[in-house]
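*Asks:* Pasting a predicted model and its sequence here:
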Amino acid sequence: MIYGDKNTGILVQGATGKQGEFHIGLMNTYARQVGGKGVVAGVTPGKGGQQVHGVPVYNTVKEAMRDHDIGAGVIFVPAGAAGDSIMEQANAGIETIVCITEHIPVHDTMKAISYAWTQGCSVIGPNCPGLMSPGEVKMGIMPAGLFSRGNVGVISRSGTLTYEVVDELTRAGIGQSTVVGIGGDPVIGQTFVDVLEEFANDPQTKAVVLIGEVGGNLEEEGAKSTDLPIVSYIAGVSAPPDKRMGHAGAIVEGGEGDARSKIAWLKKHGVPVASRVSEIPEMVRDLFRCHC
Amino acid sequence: MKLREYEAKKVLREYGIPVPEGFLIRSETELPAHLAALGEKIVLKAQVDVGGRGKAGGILMAESASAVTTAHALFRKEIKGLPVKEVLAEQQLDIRHEYYLSVTVDRSSKQPLILFTEEGGVDIEITARDNPAAIRKAVILPLMRDIPPFMLRELIGTAPKEIGPVINKLYRVFCEKDALLAEINPLVTTPQGVFAADAKIIVDDNALGRQGFTMNRDLTEREREAEKHGFSYVELDGSIGVIGNGAGLTMATLDLIEFYGGKAANFLDVGGGAESERVMHAVRLVASSPAVKVIIVNLLGGITKCDEVAKGIIAAGIPQRVIVRLAGTNEAEGRRLLSEKGYEMLETMDLVVKKAVGVAS
């Protein structure tokens, strides 16, 4: 697993909001199941001293850090404040920052990610479902019931499509090491390249499923950067140019980043590409057959 | 959201980037009042939201004496199917050389990217393909308020030094106006100095509120309805309506329709927390297109309540067939509700899509 394990204490920013409260509950239910630390502290300015599902709430991240051992932070605050939250967590020294929030202005994201980089922190997201290491830790909003532990890593720009892929893998008896949703925005912290580097150093991960979509060329850069065996899937073959397909980052602009050219590039460089999600488990099995 | 040329030039002027003397007119009758200020040679530019407007006849040159007649003709034209409602009347510039300058968001470096080339006036994508060495690039840490002088020197090369301040001002525009793209093409030199002859600014949709801009796009009735409910919605030209949750899953559903030889009528992402009322509005919205023969509802997620979704589909009460794939909590109850009313609920994405393609053909 990567970015944390059972022993990682999690801080939730935006703890007293509807989303924050709901997901603290789910994250800690999962932590109890696997014997992990889970969410140990929450932060909402002005709500210090309250509790959410028994988790103490602080006014600032630094205050929470004084009382708890925290390795990761998850952000549920509204879009206008999310860039600030990323910087607050980075400034306090949280190593892994997972930003679930959607609709953050790109300039806020660019500044916050640059700042986190100067502090040596990794940002996952924004506009992502977080990450999940089955049997170890859940940081974010992924539905735990679909997952099973194993040695396939999954990296995806999407949320529900990731669940679909994980569901297919689990049903086929293929477990996952860590599943990372890197986010659907044009600017994101950890890209395919960064997560693949983490997977390369993870003894549990033997192969990776890379789920991309239209827009940019992060998939190609990722595939180019690693020696790990990969199976990929690219969503948006039928997406018309210059239309934003739900995600802010899912747009074919200036003839760049369309699904067909991504797929052609991947295939040319020896990366198998599934044309349907349901083909992925069999293709992963094929990888193991030729790499064992 | 893309600003129109005259809006973009107004922003540049605020930041001290020289733009040609110009006036926005909504009829040729408004032109005579500005002729004295515009001088002898005038250019009339239709303010329409299409690329390649010049080649499509949207930019006309005129002498002062005949400019009203030329404007009259331009206002009665259609540019790539769009009527001309606004025209920017500008003085013609005595152009010596054309450059290209832009600041964009670079996904790879996660930083602003500045592009400058001495081969302006043409499509940057064509230069990038045919002569990539001619494009000078710099990425800049977005925490910096100004571009450092060394970076400006590297960008400018042998081009006139007076371009340096323009690059820095455009970077300021890009940062302070929440732009995804700030482009001057061409940036021109004239005996009177440097000018932005054309300008393009795209403002981040997620920052329109704090920038004080309102959407200027013309929406169809269904697009307006989608915006009201907060659905991501794109109209396409097939006959299979699609409702999904999550952009990736919805896109994958569209792709699967194409894989099985069908054509999707739309992309609709209902987003998270699909409650019965939201689902009802989504189903009605998709069904309201006369092209739609059958609708796929493909919802997946640990926290989606299938009984809620089922109630929404039933409440929509639309004439077209709805084929459903649901995975989440209360699946059995959702299935029971749907089958009671004669709706089909299938196990997998592949099954619903195959079925819908069969119904539509």
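*Replies:* Thanks, I have it.
*Asks:* For B:V352, which non-adjacent residue is spatially closest?
*Replies:* B:R325 (4.4 Å; C-beta to C-beta, 6 or more residues apart in numbering or on different chains). Yep, even glycine has a C-beta here, placed from its N, CA and C like the rest.
*Asks:* So which bits of stretch A:238-246 are buried?
*Replies:* Residues of stretch A:238-246 classed as buried: A:238-239, A:244-246 (neighbour count, 16 or more other C-beta atoms under 10 Å in any protein chain shown).
*Asks:* Endpoints of that stretch, how far apart?
*Replies:* One end of stretch A:238-246 sits 14 Å from the other (C-alpha to C-alpha, to the nearest Å).
*Asks:* Run the chain-centre distance for that stretch.
*Replies:* 23 Å (C-alpha atoms, centre = their mean, to the nearest Å).
*Asks:* now the spatially closest residue to B:I59 that is not a sequence neighbour, what's its secondary structure?
*Replies:* Among residues not flanking B:I59 along the chain, B:K45 sits closest, at 5.1 Å (C-beta to C-beta, 6+ apart). Of the three states, B:K45 takes strand under DSSP: H, G, I helix; E, B strand; the rest coil.
*Asks:* Around B:L101, how many other residues sit close by?
*Replies:* For B:L101, the count of nearby residues is 25 (other C-beta atoms under 10 Å in any protein chain shown).
*Asks:* Run through the bridge partners of it.
*Replies:* Counting by DSSP bridges, B:L101 is bridged to B:F116, B:I184.
*Asks:* Spell out which residues make up each domain of chain A.
*Replies:* A:10-124, A:143-291 (automatic domain parsing).
*Asks:* interface residues of the stretch 1-150 of chain B facing chain A?
*Replies:* Listed as neighbours of chain A in the stretch 1-150 of chain B under the rule C-beta under 8 Å from any C-beta of the partner chain: B:105, B:107-108, B:110-112, B:125, B:141-143.
*Asks:* repeat that with 10 Å
*Replies:* With C-beta under 10 Å from any C-beta of the partner chain as the criterion, the stretch 1-150 of chain B meets chain A at residues B:51, B:104-112, B:123-125, B:128-129, B:140-144.
*Asks:* all helices of the stretch 101-250 of chain A, in order?
*Replies:* Residue ranges of the helices in the stretch 101-250 of chain A, as given by DSSP state H, counting those that start in this stretch, are A:106-118, A:160-171, A:192-200, A:218-225.
*Asks:* quick one: buried residues of the third one?
*Replies:* Right, helix A:192-200. A:192, A:194-199.
*Asks:* on that earlier part again, quick check, the residue nearest to B:V352 in contact with B:T348.
*Replies:* Yes: checked against C-beta atoms under 10 Å, the pair B:R325 and B:T348 is within contact range at 6.7 Å.
*Asks:* neighbour count winner among these two?
*Replies:* B:R325 (22 against 17).
*Asks:* Can you get me a residue count around A:G173?
*Replies:* Neighbour number of A:G173 under other C-beta under 10 Å is 10.
*Asks:* rewinding a little: just the buried residues of the residues of the stretch 1-150 of chain B next to chain A.
*Replies:* Buried among the residues of the stretch 1-150 of chain B next to chain A by 16+ other C-beta under 10 Å: B:104-107, B:110-112, B:124, B:140, B:142.
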